[in-house]
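J.: Based on what follows, work out the 3D shape:
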Amino acid sequence: MTDARATAPDDGLAARRAALHLIGQATGSQRLLSESIAAGALERLSPPDRARAQRLATQALRQLPRADRALKPFLAKQPPLAVRNALRLGAVEIMEGAAPHGVVNAMVQIIGHGKRTQSYKGLVNAVLRRLGDQDPQAWAKLPVPKLPNWLRGPMVAAWGRDAVAAMEAVQAEAPPLDLTAKGDPAALAERLGAELLPTGSLRLREAGQVSALPGFETGDWWVQDAAAAVAARVLDAQPGERVLDLCAAPGGKTMQIAAAGAEVTALDLSEARLGRLRENLDRTGLSARIVQGDALEFDEGGFDAILLDAPCSATGTIRRHPDLPHAKDGAEFGALIELQAEMIDHALGLLAPGGRLVFCTCSLLPDEGEVQVEEALARHPGLVNDRAALARPGIAEDWIGPEGLRLRPDFWADRGGMDGFFIACLRRPQTA
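T.: Got it, this is the predicted structure:
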């Protein structure tokens, strides 16, 4: 197919080509959307087309199982992946309300420009036109997309079939936009017309262009999922405390800690991601000491508190990143679990006596949460699991288990859900 990054007239083709490129990278090359975008997949598009391409790709990947079910009656056999993805994207657009004529013409034109796909123009035209004649209600009647077996199996074992089905129902819907306020969240919620969530985050159902929202330029808030924001609230940084934010970029938690008045050191391995953190700090007028480096090699100690949002499977973020189940297969989980244990041990050694470590992962797998805490307590005699620190405003009692706080996508389902997270607060003893 043609280069997804090539410029095109403002007729919707450029955004759709780019979306198909992103979908193809996820389904064919097992590459996350963020990786493709960082590699420049959208760099030649106008800002509106970039936003549209991401939106189209994300929604298509979120609804891929439904699209395949809708297309199945019209396909005697599966076409090549590039053609199949064009049909999938077209199906999602049509069945979610886009004008069939425009979608069909666009997909036929895109397929016709590819040397390896041009012979499928007739198929794409016929299938999408027949799909456009279907009852629009048929889409809603299709089963909720399920997680792939490599992930669904462990999750069912951990949480049960009903809970996993509830999570899948939330993940099938486009999530709202959550914000963290630099100042008074209630005042900002009123200003933006946002819902003030019980934990203190703000939620917008229809946000539009983020940078156009009131308060963006003046740094009054930043985008951060409500579940992710809980970790820094559990840390409860105090003015003047020395706090280390390990794996800090892109900086949501760093900004929370800085806004609390603490002296925060933000460390991350990726210089590119730290660039985003610097931009966020500049926009919000907050300050932090920034260090680029490997968390396991950082040897400065004596911190009052450390926040470790450890590298993980990111399975808790599928509602926002539906490419993950298609781009990953779980093969790297074992190495990530080993790394998390190493990072916990190293972080504990950087704390002052009596200091606290908030360990968290955006994972739905107990091996990356509850089990890590169990094993850390066994490795470190005297280490205290401070469950009382987890009782923050808006946190339901039954979300707190013996090992820590478990947040899941199906919590607040009527509000739009939340990302999956595990959070624990571990305190180093006052004496060795």
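J.: Summarise which helices and strands the helix or strand containing Arg17 is packed against.
T.: Under the criterion DSSP states H and E, the helix or strand holding Arg17 is helix 13-28. Other helices and strands packing on helix 13-28, by 3 or more C-beta pairs under 8 Å, 6 or more residues apart in numbering; DSSP states H and E, are helix 33-38, helix 47-62, helix 81-95, helix 100-112, helix 324-327. C-betas here are computed from N, CA, C, even on glycine.
J.: tell me the mean pLDDT for that helix?
T.: Helix 13-28 shows an average pLDDT of 96 in the prediction.
J.: same thing with stretch 289-299?
T.: The average of the pLDDT scores along stretch 289-299 is 97.
J.: Outside of it itself, list whatever touches it.
T.: Contact with stretch 289-299 is made by 246-247, 263-271, 274, 277-278, 308, 342-343, 346-347, 350, as judged by C-beta atoms under 8 Å, 6 or more residues apart in numbering.
J.: Determine how far the last residue of stretch 413-423 lies from the first.
T.: 20 Å (C-alpha to C-alpha, to the nearest Å).
J.: Would you pull up how far it lies from the middle of the chain?
T.: Its chain's C-alpha centre lies 11 Å from the corresponding centre of stretch 413-423 when counted by C-alpha atoms, centre = their mean, to the nearest Å.
J.: next one: stretch 92-109
T.: Per C-alpha atoms, centre = their mean, the centroid offset for stretch 92-109 relative to its chain is 28 Å.
J.: where does the protein dip in pLDDT?
T.: Applying pLDDT under 70 to the chain flags residues 1-11, 432.
J.: show me where it has strands.
T.: 177-181, 195-196, 202-204, 221-223, 242-246, 263-268, 289-292, 303-309, 351-361, 384-385, 405-407, 421-427 (DSSP state E).
J.: Those strands: which one's closest to Leu33?
T.: When the strands of the chain are ranked by distance to Leu33, counting by C-beta to C-beta, first place goes to strand 221-223 at 16.5 Å.
J.: Stretch 240-250: how far from the chain's middle?
T.: In terms of C-alpha atoms, centre = their mean, the centre of stretch 240-250 is set 20 Å apart from its chain centre.
J.: Repeat that for stretch 242-261.
T.: Stretch 242-261 has its average C-alpha position 18 Å from the chain's average C-alpha position, going by C-alpha atoms, centre = their mean.
J.: when you give positions from now on, start the count at 6
T.: From this message on, residue numbering opens at 6, which makes the last subject stretch 247-266.
J.: for it, which positions count as buried?
T.: Buried residues in stretch 247-266, counted by 16 or more other C-beta atoms under 10 Å: 247-265.
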